[in-house]
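**Student:** Structure of the sequence below:
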Amino acid sequence: MCFGDSKKLNLSLFSDMADELKLLGVWNSPFSCRVIWALKLKGIPYDYIEEDLQNKSPELLKYNPVHKKVPVLVHGERPICESLIIVEYIEETWPQKYPLLPIDPYERAMARFWVKYFEEKSIAIWMVFRTTGEEQEKFKKESLEMLRTIEEHAGTLGKRKFFGGDEIGIVDIAFGWIAQWFEVVEDVVGVKLFEAHAFPCLHAWTQNFKQVPVIKENLPDRDEMLVLFKRARENLLAS
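**Tutor:** Take a look at the predicted model:
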């Protein structure tokens with residue numbers, strides 16, 4: 001077989017694999033939504049499988065035996081785990097469809113920097129949800145420090161709507177759960193950290209982000225999330 005035939009065979013195999021794309025997720029998970037947003041922005045068809053994390057399916061245990069968590073993207077029986085790793089995989093597999101990373105190497109590096117920063121620091125927001133008293137106060141301060149840093153970064157956008165420029169990019173997808181989940185956490189806990197007057201640039205970005213049809217149509221219902229998160233916090237505090 002000549003090289004040209006081999007190349008055609010590989011492309012054919014890839015085409016077949018592209019038809020076998022499924023996502024294991026949970027409707028209220030910001031991490032599952034990250035993957036959904038990336039797939040929808042790129043217009044990539046996929047099958048969605050809703051998981052019950054209280055009764056994990058054999059598929060989830062098979063495809064993510066290490067962490068046993070969602071999301072998991074399965075591409076031609078090859079599983080990819082962790083939301084932002086999945087988003088990068090989607091970007092590298094379909095780079096020409098709605099690019100999520102800049103072309104310039106420096107800008108790509110900066111995008112990855114902010115993604116990593118948010119991944120490391122945003123845990124404080126979840127800890128506000130999970131704690132009370134002095135411990136919670138500590139995580140409130142950490143959350144505010146993170147928001148101030150992101151606000152400074154948002155202030156550099158100028159007339160651009162998104163961290164990715166005129167279109168949503170990987171940084172916007174990483175930050176995206178601020179747009180819905182942060183408010184729900186605040187309401188359930190009874191605190192207000194993300195004040196519009198304190199973070200005007202970040203609030204403007206949030207509004208722009210939520211108005212993009214792909215995002216707007218793929219945000220979980222806020223009222224349903226409130227009920228679920230209230231119950232989850234009650235169970236956490238009771239235990």
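**Student:** Let me see the mean pLDDT of stretch 120-134.
**Tutor:** Average pLDDT, stretch 120-134: 96.
**Student:** hmm, who's touching it?
**Tutor:** Residues from elsewhere that reach stretch 120-134 (Cβ atoms under 8 Å, 6 or more residues apart in numbering): 135-136, 139-140, 142-143, 145-146, 149, 182, 185, 188-189, 191, 193, 229, 233, 236-237. For the C-beta atoms, the positions are set from N, CA and C on the backbone; glycine is no exception.
**Student:** Which residue ranges make up the domains of the chain?
**Tutor:** Here the domain parsing of the chain from automatic domain parsing is 3-93, 105-238.
**Student:** from the chain's centre, how far out does the longest one sit?
**Tutor:** Using Cα atoms, centre = their mean, to the nearest Å, we find the averaged C-alpha position of domain 105-238 to lie 10 Å away from the chain's own average C-alpha position.
**Student:** what's the first-to-last distance across it?
**Tutor:** Terminal residues of domain 105-238 lie 49 Å apart, using Cα to Cα, to the nearest Å.
**Student:** Kindly reformat the domains of the chain as a markdown table containing mean neighbour count and distance to P99.
**Tutor:** Rendered in a markdown table, the data for those read as follows (neighbours: other Cβ atoms under 10 Å; distance: least, Cβ to Cβ, whole Å):
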| stretch | mean neighbour count | distance to P99 |
| --- | --- | --- |
| domain 3-93 | 16 | 7 |
| domain 105-238 | 16 | 8 |
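**Student:** what's the least confident stretch among the ones you listed?
**Tutor:** domain 3-93 (a mean of 87).
**Student:** residues in contact with L21?
**Tutor:** Residues near L21 by Cβ under 8 Å, 6+ apart: 39, 44-47, 73-76.
**Student:** Who is it paired with across the strands?
**Tutor:** When bridges are called by DSSP bridges, L21 pairs up with H75.
**Student:** From I49, how far off is it?
**Tutor:** Remark: distance between L21 and I49 (Cβ to Cβ, to the nearest Å) = 11 Å.
**Student:** With P213 instead?
**Tutor:** P213 is 24 Å from I49, where distance means Cβ to Cβ.
**Student:** ok, and the closest non-adjacent residue to A154?
**Tutor:** Using Cβ to Cβ, 6 or more residues apart in numbering and skipping the chain neighbours, the partner closest in space to A154 is C201 (3.8 Å).
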